[in-house]
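# have a look; sequence and predicted model below, questions after that.
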Amino acid sequence: MAADTTETPNPGRLSRLRVMMLGLRGFPDVQGGVETHAQHLSSHLNDLGCDVNIIVRSPYHPDEKGMEWKGIRFHRIWAPVSKKLEAIVHTFLGVCYAAVKRPDVLHIHAIGPSLMTPLARLLGLKVVVTHHGPDYDRQKWGGASKWILKLGERLGMFFAHERIVISQVIRNLVEHKYGKESVLIPNGVVLPELPDTIDALIDFGLEAGKYVLIVSRLVPEKRHLDLIQAFQKAELPGWKLVMVGDSDHPDEYTRNVLKAARENPDVVATGLQRGQSLRELYAHAGVFVLPSSHEGLPIALLEALSYGLPVIASDIPANLEIRLPDHHYFKLGDIDMLSQKLSEFSGFTQSDDYRNELRDWVSHRYNWKDIARSTFQVYLNTQKNVG
């Protein structure tokens, strides 16, 4: 069934709906698609009158962050600093905590944490699961971890009262693998104001309109090394490649990417950027590239479009679902084709009218207010579901 964005919820009823979210590291200023999704969704649910509580992982939420942000309450629970154990241990503790607090709805994000859905049901909680993508396809996971993620997907889809998916690709997967219906509610964007300042560009030695940008965690499925090779092959005079982001758990891939960046003076690794500096880097880029092999529905790509940037993306289903014209896509892993695209797009002169049309288009299709209303309707459905 499709998301219903037409009904306007009753604010009085919303104020009595207590929602607790679990499965994310935390926010604000924590990199990751799930984290960005939960931050914007929570803000709009809060604006509608929901009582929103977020269970956050202790390593990503130091004491100085406080326990409230824009009316959203945080509940800080310990998590081990371990790529393999962090999510599952924290989710187990989070479900037990939710069982004590008794929210009206426990909203679990991502298929790894969904492994604990049966426990949440056993403890009498009403559970919504959002499937953000088949994480077992990520290159960083070994065989055992992939098996656990697939089990988490299965248990989440079978035991949740309601299932949300962020793309049609994932909706088809859930239907074909598990015979379950789900509600399609995509990721969204906030239409940003375009900054005139260029302080971040000065700090990193960049020229407006003369750099290729990628914003992502430094993980294998984002294919930074493909982009570095293609950029070197394209030989764009006066251009630089800017990689924004870092790794939660640095590994050999992270070290290889940073080594490749150090060896090329035209490649700039900025680390994690937030706030005004990130806005400036988006706003003044010449082209945005997402060469990844795995996505749910890529928020970074939507954000680039919200700045009116020309974009290039790999032809994986999640990227294709955004339905850009064909010339914006290249075959995954094809360095020569990506290099050719970089050469073509570096010569593109973008008009203000084109930028504004692109911004309006993405803002209309991926609006967080509509997304929050649709999500609230799913929450209401859990209250009707007594099974």
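Thanks, I have it.
# what mean pLDDT does the helix or strand that contains Glu153 have?
Element membership for Glu153, per DSSP states H and E: helix 143-159. The average pLDDT within helix 143-159 is 94.
# contacts only, for Gly333.
Listed by CB atoms under 8 Å, 6 or more residues apart in numbering, the contact set of Gly333 reads 223, 226, 293, 314. (Glycine included, C-beta is placed from N, CA and C.)
# just the residues you listed: which has the poorest pLDDT?
Ser293 (93).
# show me the shaky parts of this protein.
1-15, 139, 385-387 (pLDDT under 70).
# could you pull out the strands in this structure for me?
With DSSP state E as the definition, the chain shows strands at residue ranges 18-22, 51-57, 68-69, 72-77, 105-109, 127-131, 162-165, 183-184, 211-215, 240-244, 267-271, 287-290, 311-314, 329-330.
# of those, give the one that comes closest to Phe376.
The closest of the strands of the chain to Phe376 is strand 18-22. By CB to CB, the value is 8.9 Å.
# can you point out the buried residues in that closest one?
If you call a residue buried by 16 or more other CB atoms under 10 Å, then strand 18-22 has these buried ones: 19-22.
# ranges for the helices of the stretch 1-150 of the chain?
Taking DSSP state H, counting those that start in this stretch as the criterion, the stretch 1-150 of the chain carries its helices at 11-14, 33-48, 86-101, 117-122, 143-159.
# can you add mean neighbour count and distance to Glu357 and give those back as TSV?
Below are the helices of the stretch 1-150 of the chain laid out as TSV (neighbours: other CB atoms under 10 Å; distance: least, CB to CB, whole Å):
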stretch	mean neighbour count	distance to Glu357
helix 11-14	12	34
helix 33-48	22	23
helix 86-101	19	40
helix 117-122	19	42
helix 143-159	18	38
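# as a markdown table, those helices with distance to Pro186 would be great.
As requested, these are arranged in a markdown table below (distance: least, CB to CB, whole Å):
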| stretch | distance to Pro186 |
| --- | --- |
| helix 11-14 | 22 |
| helix 33-48 | 10 |
| helix 86-101 | 23 |
| helix 117-122 | 22 |
| helix 143-159 | 18 |
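# if we compare these, which one ends up closest to Asp246?
helix 33-48 (13.9 Å).
# in CSV, list the C-alpha atoms belonging to the closest one.
Presented in CSV, the C-alpha positions along helix 33-48 are these (Å, rounded to 0.1, in the frame of the first residue of the first chain):
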residue,chain,number,x,y,z
GLY,A,33,21.8,8.2,6.2
VAL,A,34,19.7,6.6,9.0
GLU,A,35,20.8,9.3,11.4
THR,A,36,20.0,12.1,8.9
HIS,A,37,16.6,10.5,8.2
ALA,A,38,15.7,10.1,11.9
GLN,A,39,16.8,13.7,12.7
HIS,A,40,14.6,15.3,10.1
LEU,A,41,11.7,12.9,10.6
SER,A,42,11.8,13.5,14.4
SER,A,43,11.9,17.3,14.0
HIS,A,44,8.8,17.3,11.9
LEU,A,45,6.9,14.8,14.1
ASN,A,46,7.8,17.0,17.0
ASP,A,47,6.5,20.0,15.2
LEU,A,48,3.2,18.1,14.6
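# ok, residues contacting it?
With contact meaning CB under 8 Å, 6+ apart, helix 33-48 is reached by 9, 11, 14, 19, 21, 23-28, 52, 54, 70-72, 109-110, 130, 132, 166, 187-188, 190, 295-296, 298-300, 368-369, 371-373, 375-376.
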